[in-house]
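Visitor: let's see this in three dimensions:
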Amino acid sequence: VGAGLVLFLAGAALVYKAVPRVEERVTVWLDPWPHAHTTGYQIVQSSYSIANGGFAGKGWGKGVFATTNGHDLIPFLPTDFIYSALAQELGLVGAAALLLVYMLFCLRGFRVAMLAQDGFSKLLALGLTFGFALQTFIIVGGVLRIIPLTGITLPFVSYGGSSVVANFVLLAGLLLVS
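Guide: Below you'll find the predicted structure:
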């Protein structure tokens with residue numbers, strides 16, 4: 001485990017230095033405010049959107065996501081930053097409720113894994129559920145600036161045909177195991 005951790009850290013440092021895009025994303029993740037008009041624009045606007053939602057939100061369809069002349073405040077809102085839109089419209093309560101729904105899905109998936117009869121089915125259900133939970137954590141964590149932002153979608157919510165199909169196949173696999 002220690003050797004694997006050392007290799008991971010060495011590889012991460014190498015990629016950080018060798019690929020300029022990785023260094024830029026980490027820099028923007030750590031402090032987006034100096035880059036608010038360039039590379040940090042989306043994450044800064046997303047933070048404003050989440051803060052604008054407050055406790056109870058603005059209501060369905062009442063969020064502000066474009067300027068008066070039609071320019072998008074958050075350029076990739078339907079895909080990468082859909083959670084910030086939901087947090088603005090539903091507020092802290094609605095965003096937390098959405099996360100609870102995801103946790104319930106994961107809980108049920110882990111329960112399917114525990115009740116499966118054979119080893120392969122257990123591992124399959126566990127892997128599918130963990131993949132779903134990891135995808136959710138990565139996108140929500142990226143929008144909330146817990147981890148660096150990546151370009152994946154929020155399961156069953158973000159716009160994206162192949163992502164929705166893949167998540168339904170994942171759900172079908174869990175149903176088959178159960």
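
Visitor: from here on, contacts and neighbour counts on C-alpha atoms
Guide: OK.

Visitor: so where is the chain shaky, pLDDT-wise?
Guide: 76 (pLDDT under 70).

Visitor: which residues are in contact with stretch 169-178?
Guide: Stretch 169-178 is contacted from outside by 109, 112-113, 115-116, 121, 124-125, 128-129, using Cα atoms under 8 Å, 6 or more residues apart in numbering.

Visitor: and stretch 45-57, by the same measure?
Guide: With contact meaning Cα under 8 Å, 6+ apart, stretch 45-57 is reached by 64, 73-74, 81, 84-85, 87-94, 143-144.

Visitor: C-alpha coordinates for it, CSV please?
Guide: The C-alpha coordinates for stretch 45-57 follow below in CSV (Å, rounded to 0.1, in the frame of the first residue of the first chain):
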residue,chain,number,x,y,z
GLN,A,45,-20.1,31.9,-11.3
SER,A,46,-21.1,28.5,-10.0
SER,A,47,-20.2,29.6,-6.4
TYR,A,48,-22.3,32.7,-6.8
SER,A,49,-25.2,30.6,-8.1
ILE,A,50,-25.0,28.3,-5.2
ALA,A,51,-24.8,31.2,-2.7
ASN,A,52,-27.7,32.9,-4.5
GLY,A,53,-29.9,29.9,-3.7
GLY,A,54,-29.8,30.4,0.0
PHE,A,55,-31.6,28.0,2.3
ALA,A,56,-34.9,27.4,0.4
GLY,A,57,-33.9,28.4,-3.1
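
Visitor: sort out which residues of it are buried, please.
Guide: Buried residues in stretch 45-57, counted by 16 or more other Cα atoms under 10 Å: 45-47, 49-55, 57.

Visitor: also stretch 163-178?
Guide: For stretch 163-178, the neighbour count (16+ other Cα under 10 Å) marks 163-164, 167, 170-171, 173-174, 177-178 as buried.

Visitor: same list (these) but as TSV, adding distance to Thr150 and secondary structure.
Guide: Listed next are the buried residues of stretch 163-178 as TSV, based on distance: Cα to Cα, whole Å; DSSP: H, G, I helix; E, B strand; the rest coil:
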residue	distance to Thr150	secondary structure
Ser163	14	helix
Val164	18	helix
Asn167	18	helix
Leu170	21	helix
Leu171	23	helix
Gly173	26	helix
Leu174	26	helix
Val177	30	helix
Ser178	32	coil
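
Visitor: do a quick rundown of the helices in this structure.
Guide: Secondary structure of the chain by DSSP state H: the helices cover 2-18, 20-30, 41-53, 82-115, 119-143, 161-177.
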